[in-house]
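1. this one's structure only:
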């Protein structure tokens, strides 16, 4: 199975949202989440890609551990959340890709989003909606896709062959 290198921006359990600044070649503290709200899993990006928002494609790593900003993690794609995001009268696609690190023991059996509990998917969707609302953006989940379909979309978006 194909693997991907994901760069972590914000670790699991963090209230602090970090972003990579390619011009400065470093991570910057972007904002604090409201009290009681934390990232449910490590959040990062797929280097060398670019989404409709101009940033690299977003990646969430489902695992039992947390890493740190800048950590590179070898992962397998298990699915994606197709979504649209609106702000200032502009609507764009802003999908989230779901990965499992190759080193995860607890999630090693997960091959696709269909293997995840429905409640976990619901909570992830709620997190993204709430997170964006805090930024003054409207985030609308459209569809959760399993691994095979997510890989097709990722291949198209990243220009891979």
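-> Structure received. As the structure is a prediction and not an experimental result, all values here were calculated from the model. Numbers count the residues shown, from 1 in each chain.
2. Just the helices from the chain, written as ranges.
-> Residue ranges of the helices in the chain, as given by DSSP state H, are 118-134, 147-158.
3. Could you list the low-pLDDT ranges of the protein?
-> Judged by pLDDT under 70, the chain has its weakly predicted residues at 159-161.
4. just to revisit the earlier point, please tabulate the helices of the chain in a markdown table, including the columns distance to residue 65 and mean neighbour count.
-> Every C-beta, even on glycine, is put in place using the N, C-alpha and C of the backbone. As requested, the helices of the chain are exported to a markdown table (distance: least, Cβ to Cβ, whole Å; neighbours: other Cβ atoms under 10 Å):
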| stretch | distance to residue 65 | mean neighbour count |
| --- | --- | --- |
| helix 118-134 | 17 | 15 |
| helix 147-158 | 21 | 16 |
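5. Among these, which comes closest to residue 3?
-> Evaluated over these, closeness to residue 3 peaks at helix 147-158, with 11.7 Å, by Cβ to Cβ.
6. ok, now which residue in this protein is the farthest from the centroid?
-> Centroid-distance maximum for the chain: residue 89 at 24.0 Å, with Cα atoms, centre = their mean.
7. Quick check on that residue: phi, psi?
-> The phi and psi values for residue 89, taken as degrees, to the nearest 10, are phi 60, psi 20.
8. And for residue 62?
-> According to degrees, to the nearest 10, residue 62 has phi -90, psi 110.
9. From residue 121, how far off is it?
-> According to Cβ to Cβ, to the nearest Å, residue 62 stands 11 Å off from residue 121.
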